[in-house]
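Enquirer: Pasting the sequence and the predicted model now:
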Amino acid sequence: MVTIKTPEEIKIIAEGGKILASVLKELEKMVKPGVTTLELDKATEALILSAGGKPAFKGYAGFPYSLCASVNENIVHGFPSGYVLKEGDIIKLDLGVLYKGFNTDMASTVAVGKVPFEVKRLMDVTKKSLRLGIKKAKVGNTIGDIGNTIQRFVEDQGFGVVRDLCGHGIGKEVHEDPKIPNFGKRGTGEKLVEGMVICIEPMVTIGDYNLRKSDDGYGYATKDNSLSAHFEHTIAITEKGPKILTE
């Protein structure tokens, strides 16, 4: 069931989103060769707690960390570990904040040092597809309008859109209805109404979009081991248009 948030609740979510955005910005600065993903996780937890929030992911569905750290072909839900980042890697940083009873969720993909042009293009296309998807998050549009816009743009650029994972509603729970696929047909799916709060999160691959379980047994990676990118924002549907709450 889709829960509609009040303006007061959306204000609280935006306060949590501001904390989340500031934490992610600090984490992005830490990404460099020689840093382990476990060090990034520890920094995530410390930064969130010091800002007055709680890590939304820690303990969620058995996940023992505050940060999902997914490197290269790993696309989401990766376990932080002793893996040492090296020049040319790309890492997906996915994290959430629980603040005053409400969750926010956000992700970005960061290059470790210099990466090839096509990898940079993968990241740029994924980030732009998120912006295009957000523009469609308007009252009266449908979930299919968001997914169709993301899919058409990504595939026109020669990349693949992950089908097996999707965005979602968010609020008192990290994952709520409705599901927000990154592909689909215009005019299909649930209609967007004022007060919905959703996470739009394109997951894009250089190669085939089919997935497998990651080697850690928890996350997901591309089946053909091709590189992948992931960006995400928490969005409120308002009468004035989409409002990004994680800025």
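Expert: Sure thing, it's come through.

Enquirer: Tell me the secondary structure of the nearest residue to G160 once chain neighbours are set aside, please.
Expert: Among residues not flanking G160 along the chain, Y209 sits closest, at 3.5 Å (CB to CB, 6 or more residues apart in numbering). Just so you know, the C-beta spots here come from the backbone N, C-alpha and C atoms, and that holds for glycine as well. Following DSSP: H, G, I helix; E, B strand; the rest coil, Y209 is assigned to coil.

Enquirer: Let me see the contact set for Y209.
Expert: Applying CB atoms under 8 Å, 6 or more residues apart in numbering to Y209 gives the contacts 160-163, 222.

Enquirer: Give me the subset of those lying in strands.
Expert: Per DSSP state E, strands hold the following members of those: 160-161, 222.

Enquirer: which one of these has the most neighbours?
Expert: When neighbours are counted by other CB atoms under 10 Å, T222 leads those with 24 neighbours.

Enquirer: Which of the contacts of Y209 sits closest to G187?
Expert: Distance to G187, by CB to CB, is smallest for V161 among those, at 18.7 Å.

Enquirer: and that closest one, what does it touch?
Expert: 150-151, 154-155, 182-183, 202-205, 209.

Enquirer: Bridged to it, which residues?
Expert: Counting by DSSP bridges, V161 forms beta bridges with V204.

Enquirer: Distance check, it against T126.
Expert: For V161, the distance to T126 (CB to CB, to the nearest Å) stands at 10 Å.

Enquirer: now swap in S66 and tell me
Expert: S66 is 23 Å from T126, by CB to CB.

Enquirer: before we move on, what about A56?
Expert: Applying CB to CB to A56 and T126 gives a distance of 22 Å.

Enquirer: before we move on, back to that, kindly indicate which of the ones in strands among the contacts of Y209 lies nearest T3.
Expert: Nearest to T3, judged by CB to CB, of the ones in strands among the contacts of Y209 is V161 at 27.1 Å.
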